[in-house]
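[1] any chance you can model this:
(4 chains)
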There are 2 protein chains.
Amino acid sequence: MYSECVSTSERLIESTRELLWERGYVGTSPKAILERAGAGQGSMYHHFKGKPDLALTAIRRTAEELRATAEAVLAGPGTPYERIEAYLLRERDVLRGCPVGRLTMDPDVIASPELRAPVDETIAAVRERIAGVVEEGKRLGQFAPELDGAEIAAAVLATVQGGYVLARAAGSPAAFDAGVRGLLALLSPRTPGVSDQPA
Amino acid sequence: MYSECVSTSERLIESTRELLWERGYVGTSPKAILERAGAGQGSMYHHFKGKPDLALTAIRRTAEELRATAEAVLAGPGTPYERIEAYLLRERDVLRGCPVGRLTMDPDVIASPELRAPVDETIAAVRERIAGVVEEGKRLGQFAPELDGAEIAAAVLATVQGGYVLARAAGSPAAFDAGVRGLLALLSPRTPGVSDQPA
DNA sequence: GTCTATACCCAGATAGAC
DNA sequence: GTCTATCTGGGTATAGAC
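    Coordinates of the predicted model:
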């Protein structure tokens, strides 16, 4: 219920973001959005051309937010391994899943190039960012030189996205954590030159 | 269009399986099922109590099939690493995603213990099966003894499920393949006692 | 068993009053 | 800008004829 904040159009966007996260695109009706935003039909069609237009605005904002969050962790302090570790271990509302990744299971989103674009671009950007960190780690001797940065990045991102699937299937975040620990164990720097176990 | 095969109830189930895979539970209407099955309203409500009942039957069958497919590969010939490799590299219609995993993004499936149960059980079973293979590999010295079978299994399954997400976001199977190759590189047997590069 | 008819509410959008 | 009709079609289910 965003009834008490800022402009009507803002409340519509934020309500849509929530509902897209909770129920996806096909599962979200204009009516549900309006109820949550505390607005009437007219407001929505005044500010937006329709459901796809409003959803596009909401998706773009969510995508941008996710990108910024990932960037903050991946550009943070620490060795490459530590930054990837921080990305994987970052606090998440695991059972809610990824607000961007879940859209890939939405037939109407995938069918619309416009709606899919922000999803695609965001995931690609994060992937490239992680790949860069891995390459950096290779130069520092923290990762084996035969590893491919882009492939490891894909595995890291996939573990996160797939972790959500396992967790939601089981109704518990435990499976997500297990997958992350498994990947970190495999990724753990072998060259004892740079330790990931300080103190 | 299952109009030409077996019984009406069978056509209803198969049509539902297809639509659940393509569009998920909230995106699948009884009407669409009936059209694809070439049946009328009456047939559906004669054989099933309603949409949830029919969906449950369809989900159970899909789940059982997936379990059998995974079992066939994981119980196949080869070393533990080779069997996990075979599982990861097995032919998949990547852009269609996982017919079981996709259901975890469906709010109505997650909200219904009955519908979620087969999804949960199937994923848990495959996970345990993979964990067993990893433990076997540890005993053979193919995997490092400090690895946790259950965690590696979660990472393997998550890489597959997440790989679908990356691929669908990009509109190309390449990202799935990259993630799998990345994981296999990390998983690659280090102890040269057992080689994964024959010939 | 299968069909059509009917019901009722919701999805998505438009029109026009305030 | 926002509201309340109003509209057309679809989602989901029931009733009852064949």
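[2] now do the contacts for residue A:62.
    Going by CB atoms under 8 Å, 6 or more residues apart in numbering or on different chains, residue A:62 touches A:17, A:20-21, A:99-100. The way it works is simple: take the backbone N, C-alpha and C, and place the C-beta from them, glycine included.
[3] which residues sit in contact with the closest residue in space to residue A:9 that isn't next to it in sequence?
    When the adjacent residues along the chain are set aside, residue A:9 lies closest to residue A:47, with 4.2 Å between them (CB to CB, 6 or more residues apart in numbering or on different chains). Taking CB under 8 Å, 6+ apart as the criterion, residue A:47 is in contact with A:8-9, A:12, A:54.
[4] again with residue A:57
    Neighbouring residues of residue A:57 by CB under 8 Å, 6+ apart: A:13, A:16, A:48.
[5] neighbours around the closest residue to DNA strand D within chain A, how many?
    Evaluated by CB to the nearest atom of the strand, chain A has residue A:42 as its residue closest to DNA strand D, separated by 1.6 Å. Residue A:42 sits with 9 neighbouring residues when counted by other CB atoms under 10 Å in any protein chain shown.
[6] which SS state does it fall under?
    At residue A:42, secondary structure determined by DSSP: H, G, I helix; E, B strand; the rest coil is helix.
[7] distance of it relative to residue A:54?
    Taking CB to CB, to the nearest Å as the measure, residue A:42 and residue A:54 are separated by 14 Å.
[8] got the residues of chain A near DNA strand D?
    Selection of chain A residues close to DNA strand D by CB under 7 Å from any atom of the strand yields A:7-9, A:38-43, A:45-47.
[9] list buried residues within these.
    If you count burial by 16 or more other CB atoms under 10 Å in any protein chain shown, the buried members of those come out as A:8-9, A:38-39, A:43, A:47.
[10] could you identify the most distant pair in these?
    Farthest apart among these by CB to CB are A:38 and A:47. That separation is 14.2 Å.
[11] looking at the contacts of residue A:57, which is nearest residue B:106?
    Using CB to CB, residue A:16 is the member of the contacts of residue A:57 that sits closest to residue B:106, with 18.9 Å.
[12] for the closest residue to that closest one other than its chain neighbours, what are its contacts?
    Spatially, and ignoring its direct neighbours in sequence, residue A:16 is nearest to residue A:58 (3.9 Å; CB to CB, 6+ apart). For residue A:58, the contacting residues are A:13, A:16-17, A:20, taking CB under 8 Å, 6+ apart as the criterion.
[13] repeat that for 10 Å
    Taking CB atoms under 10 Å, 6 or more residues apart in numbering or on different chains as the definition of contact, the neighbours of residue A:58 are A:12-21, A:25, A:28, A:33, A:48, A:99, A:118.
[14] now residue A:147
    Contacts of residue A:147 (CB under 10 Å, 6+ apart): A:134-135, A:137-138, A:155, A:187, B:182, B:185-186.
[15] try it again with 6 Å
    Contact criterion CB atoms under 6 Å, 6 or more residues apart in numbering or on different chains gives residue B:185 as the residues in contact with residue A:147.
[16] how about the strands in chain A?
    Taking DSSP state E as the test, none of chain A falls into strands.
[17] any regions of it where pLDDT drops low?
    The model of chain A has pLDDT under 70 over residues A:1-5, A:190-199.
[18] quick one: the helices in it, in order.
    In chain A, the helices defined using DSSP state H lie at A:8-23, A:30-37, A:41-47, A:51-74, A:80-89, A:107-111, A:113-139, A:149-170, A:174-187.
[19] hang on, the earlier thing: farthest-apart pair in the residues of chain A next to DNA strand D, please.
    Of all pairs drawn from those, the one with the largest separation by CB to CB is A:7 and A:41; the distance is 17.1 Å.
[20] out of the helices of chain A, which one sits most buried?
    When neighbours are counted by mean count of other CB atoms under 10 Å in any protein chain shown, the highest per-stretch mean among those falls to helix A:149-170, a mean of 28.
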